[in-house]
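Q: take this sequence and fold it.
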Amino acid sequence: MVASLNPTAKLTTPASAAPLLAADVGGTHVRVGLVQPGSSASAPMQLLGYRQYRCADYPDLSSILAQFPVDRATVRECAIASAGYALPDGTVISANLPWPLSCNRIRDDLGFAAVHLVNDFEAVAHAAAHIKDGDALQLSGPASGDGPVLIVGPGTGLGAALWIPNGNRSMVLATEAGQASLSASTPLEVAVLQHMLRGRSHVAIEHALSGPGLLNLYNALCAVRDSAPAYTSPDAISAAACDGSDPLAVQALQLFCAILGSTIGDMALLYGAQGGIYLAGGILPKISPFLLNSSFVERFLNKGPMREALQRTPVKLVEHGQLGVIGAASWYLGRREIDPSAPHSAVDQAHAATRSCPASRDTSSGQFAGIHQ
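A: Down below sits the predicted model:
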């Protein structure tokens, strides 16, 4: 199921708004798009171009962005959604990127006026607010809810962000939920977790709920079952599980789905996500039939007296696709909408002080005006 974006969500944008480059940077792929803000309420924001690149094929992000065909005389700003945590010096702390990321270096390498950084799932949350109800795979609960919406995605790591409605202006809470401690609910999960704890004092949730995490679960399960591993990649494990050709692969993916259900249920309660939950990331769409027939929903609901509350929470699966790119652009343009006449530094101090690397105090206005693909 491919998520489409709601073209009815529009805000006005000055006709002079210049296009900007937007990128979604993950541990495996970088997705880049050229985004043109709309010129009026009747003209949605347009995605003028879109490409995907493999991180491993390039020495840094500047090299990837340099490959994207744009007129650099007119494209002066770049919005980047990245896994990790942005520091005041423009660098990013991340356990999953294959090379260092610095918005200062990207700005200087490519001659942008400014480069803006946002957490990748914070960006996806901005885009997910515009997903139509009918364009996602329903896993549990009613078709829609009312309140904050949680977006969670296992990929190279585990990202999570909370979209919070607030009148005409929504807010997004970025999180590092993937770094919280993994918990176990069954004797087998306890045994697997004990094996994963060998040589370390902390097992993060994303050490199980991610691509590398599936491999970790499989290897730990093989150790618990005293069996030699037959696969060395998450794709091979999930393929063998989905076609039923290997019992240990099937059990590893069952563990993955069960732990995912428990974890998402915990997050729903912790964050008060009555508006619903969107599952994104690169893994889940590939295993959607297996997920539907797993214990995911039962484990999601298995929260004692809170089961009834979780039964009222929509849980849906969407493909990550272009959401990160669209979200990065809408996040930045939404910040500019708040005060389009303010210099970059004033806007960034108020809303994202650690995430913007302007080269000057010049400004050009732009506002999110819906999406057209």
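Q: please name the bridge partners of the nearest residue to residue 202 once chain neighbours are set aside.
A: In this structure, residue 202 finds its nearest non-sequential neighbour in residue 181, 6.3 Å apart by C-beta to C-beta, 6 or more residues apart in numbering. Quick note: C-beta positions are derived from backbone N, CA and C, even for glycine. Counting by DSSP bridges, residue 181 is bridged to residue 204.
Q: list phi and psi for the residue nearest the centre of the chain.
A: Nearest to the mean C-alpha position of the chain, by C-alpha atoms, centre = their mean, lies residue 121 at 3.3 Å. With angles defined as degrees, to the nearest 10, residue 121 sits at phi -80, psi -20.
Q: surely it touches residue 163?
A: No - contact criterion C-beta atoms under 8 Å: residue 121 and residue 163 do not qualify, at 10.1 Å.
Q: touching the host helix or strand of residue 236 from outside, list them.
A: Element membership for residue 236 (DSSP states H and E) is helix 234-242. Applying C-beta atoms under 8 Å, 6 or more residues apart in numbering, the contact partners of helix 234-242 are 211-212, 214-215, 218, 230-231, 246, 249-250, 252-254, 283, 286-287, 289-290.
Q: just the buried residues of it, please?
A: By neighbour count on 16 or more other C-beta atoms under 10 Å, the buried set for helix 234-242 is 234, 237-242.
Q: and which of those residues is nearest residue 224?
A: The nearest member of these to residue 224, counting by C-beta to C-beta, is residue 237 at 15.5 Å.
Q: roughly how far does that closest one sit from residue 159?
A: 21 Å (C-beta to C-beta, to the nearest Å).
Q: cool, and residue 204?
A: 13 Å.
Q: could you do residue 257 as well?
A: Residue 257 is 18 Å from residue 159, where distance means C-beta to C-beta.
Q: just the element for the closest residue to residue 299 other than its chain neighbours, please.
A: Among residues not flanking residue 299 along the chain, residue 261 sits closest, at 3.1 Å (C-beta to C-beta, 6+ apart). For residue 261, the host element (DSSP H and E) is helix 247-271.
Q: which other helices and strands does that helix contact?
A: In terms of contacts (3 or more C-beta pairs under 8 Å, 6 or more residues apart in numbering; DSSP states H and E), helix 247-271 is packed against strand 149-154, helix 187-196, helix 211-224, helix 234-242, strand 276-279, helix 288-292, helix 296-301, helix 307-311.
Q: run the last query once more with 7 Å
A: Under the contact criterion of 3 or more C-beta pairs under 7 Å, 6 or more residues apart in numbering; DSSP states H and E, helix 247-271 touches strand 149-154, helix 187-196, helix 211-224, helix 234-242, helix 296-301.
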